[in-house]
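In: Output the structure for:
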Amino acid sequence: MNSRPVKKPRDLVDGVLLLDKPVGLSSNDALIKAKRVLNAKKAGHTGTLDPFATGLLPLCFGEATKFSQDLLEADKTYEATVHLGIMTTTGDTEGEVVEQLPVEATVEQIEAVLARFRGPILQVPPMYSALKRDGKALYEYAREGITLERDARPVTIHGLALVEYTAPFLKILVTCSKGTYVRVLGEDIGAALGCGAHLNALRRVEVGSLAGQDMITLEDLLAHPDPMSLLKPVDALLSTFPALELTPELAKRFLQGQRLALGKEAVAVPEEQGRVRVYHDGRLLGTGQLGEYAILAPERLISTAQAA
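Out: As a prediction, the model looks like this:
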């Protein structure tokens, strides 16, 4: 009688892994690999990177998944290489070449064009994207040779700098709002220069307050003797919000979901209203909204803090 191998139960893992996603791997496949290494029960990523893109992919485990939405909303910074003079069906290296034009752009012309894309702009989403139309992703239509009308969407290019130009390759550093397609930005820059373009390489280096210098590759993760030590704490996702420290009694009531009128009992209350990260004795309890008259409303709570 054959016996099936017993699966090892998943562990309750809490924290954030700053993964350096390799080229050619989908964000979901990268998450699955990391989740398997950490034997984590619950995990999610914070916004996809195209398979051809590399760089910072924050992976959230356990309690950190409650705060992953904040990174979806956050600004991102990319290093991009734009290949001038060649246009492809997808706007990147994964598509087929559809047109080639001579490249005669000067640095002065490029700087003038880049200035036109800084600040609020309108951008038409590409057909090769995961946006849905009638329940079907746009890239599915594109693969069938169908092109649909798409409305331009407002995005903001907070920073756009020329890093290097060696024709036909143009390297730029882009800081942008959520929903920005850097592929489209590269194509639009090429169109404005009169030669067209596609994105040759894309690397994400920042997501919100998370910077790329702390990234870990999948190879290093697999080879590390203690991969759990590579995780950042859950509140690494919340560093831009003011911290609020509660006394034991207020902490207990906060974790019960009660609205609190903070008076002398609170250890430290931020002056500004809005979202705060809430602690007791240095331990993260969750987030809350601090309103008028120092009223604190619980928002997202840490389950493990309630059990502590």
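In: okay, CA-based contacts and neighbour counts for the rest of this
Out: Noted.
In: ranges for the helices of this structure?
Out: 27-38, 68-73, 107-116, 138-143, 182-193, 218-223, 248-255, 303-307 (DSSP state H).
In: Tell me which residues are up against the lengthiest strand in the chain.
Out: As assigned by DSSP state E, the longest strand anywhere in the chain is strand 153-166. The contact list for strand 153-166 (CA atoms under 8 Å, 6 or more residues apart in numbering) reads 107, 111, 114-115, 117-125, 170-180.
In: Buried ones only from those residues, please, as a ChimeraX command.
Out: Applying 16 or more other CA atoms under 10 Å to those, the buried members can be selected in ChimeraX as follows:
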select :114,117,118,123,124,125,170,171,172,173,174,175,176,177,178,179,180
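In: Would you mind finding the most buried of the helices of the chain?
Out: For the helices of the chain, the largest average neighbour count (mean count of other CA atoms under 10 Å) is found in helix 182-193, namely a mean of 21.
In: Just send the helices of the chain back as a markdown table, with mean pLDDT too.
Out: Formatted as a markdown table, the helices of the chain follow (pLDDT from 0 to 100):
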| stretch | mean pLDDT |
| --- | --- |
| helix 27-38 | 93 |
| helix 68-73 | 82 |
| helix 107-116 | 98 |
| helix 138-143 | 80 |
| helix 182-193 | 97 |
| helix 218-223 | 95 |
| helix 248-255 | 92 |
| helix 303-307 | 62 |
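In: what comes up buried for stretch 227-241?
Out: Within stretch 227-241, the residues that qualify as buried are 228, 230-235, 237-238, counting by 16+ other CA under 10 Å.
In: Stretch 286-294 now?
Out: Within stretch 286-294, the residues scored as buried using 16+ other CA under 10 Å are 286-290, 294.
In: now swap in stretch 142-158 and tell me
Out: Applying a neighbour-count criterion of 16+ other CA under 10 Å, one finds 142, 155-158 buried in stretch 142-158.
In: what's the distance between it and the middle of its chain?
Out: Distance of stretch 142-158 from the chain centroid (CA atoms, centre = their mean, to the nearest Å) equals 20 Å.
In: Figure out the length between the terminal residues of it.
Out: Its start and end residues considered, stretch 142-158 measures 30 Å (CA to CA, to the nearest Å).
In: ok so, going back, JSON lines for the buried residues of stretch 286-294, including distance to Asp188?
Out: Output for those, formatted as JSON lines (distance: CA to CA, whole Å):
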{"residue": "Gly286", "distance to Asp188": "42"}
{"residue": "Thr287", "distance to Asp188": "40"}
{"residue": "Gly288", "distance to Asp188": "41"}
{"residue": "Gln289", "distance to Asp188": "40"}
{"residue": "Leu290", "distance to Asp188": "42"}
{"residue": "Ala294", "distance to Asp188": "48"}
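In: Just give me the closest of those residues to Val269.
Out: Nearest to Val269, judged by CA to CA, of the buried residues of stretch 286-294 is Ala294 at 7.8 Å.
In: Give me the distance between the closest one and Glu245.
Out: Ala294 sits 13 Å away from Glu245, taking CA to CA as the criterion.
In: Look up the residues forming beta bridges with the residue lying closest to Leu114 once chain neighbours are set aside.
Out: Here the nearest residue to Leu114 in space, its sequence neighbours aside, is Leu160; by CA to CA, 6 or more residues apart in numbering that works out to 6.8 Å. Counting by DSSP bridges, Leu160 forms beta bridges with Val174.
In: Please, where are all the strands along the stretch 1-150 of the chain?
Out: 15-21, 43-45, 54-61, 76-84, 86-88, 97-100, 119-123, 132-133, 136-137 (DSSP state E, counting those that start in this stretch).
In: Most tightly packed of those?
Out: Among those, strand 54-61 has the highest mean neighbour count (mean count of other CA under 10 Å), at a mean of 26.
In: Using PDB, list the CA coordinates for it.
Out: Output in PDB follows, covering the C-alpha atoms of strand 54-61 (Å, rounded to 0.1, in the frame of the first residue of the first chain):
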ATOM      1  CA  THR A  54      13.700  43.500 -12.900                       C
ATOM      2  CA  GLY A  55      14.200  45.000  -9.500                       C
ATOM      3  CA  LEU A  56      12.300  45.800  -6.300                       C
ATOM      4  CA  LEU A  57       9.300  43.600  -5.700                       C
ATOM      5  CA  PRO A  58       8.200  43.900  -2.000                       C
ATOM      6  CA  LEU A  59       6.600  40.600  -0.800                       C
ATOM      7  CA  CYS A  60       4.300  40.700   2.200                       C
ATOM      8  CA  PHE A  61       3.900  37.800   4.500                       C
END
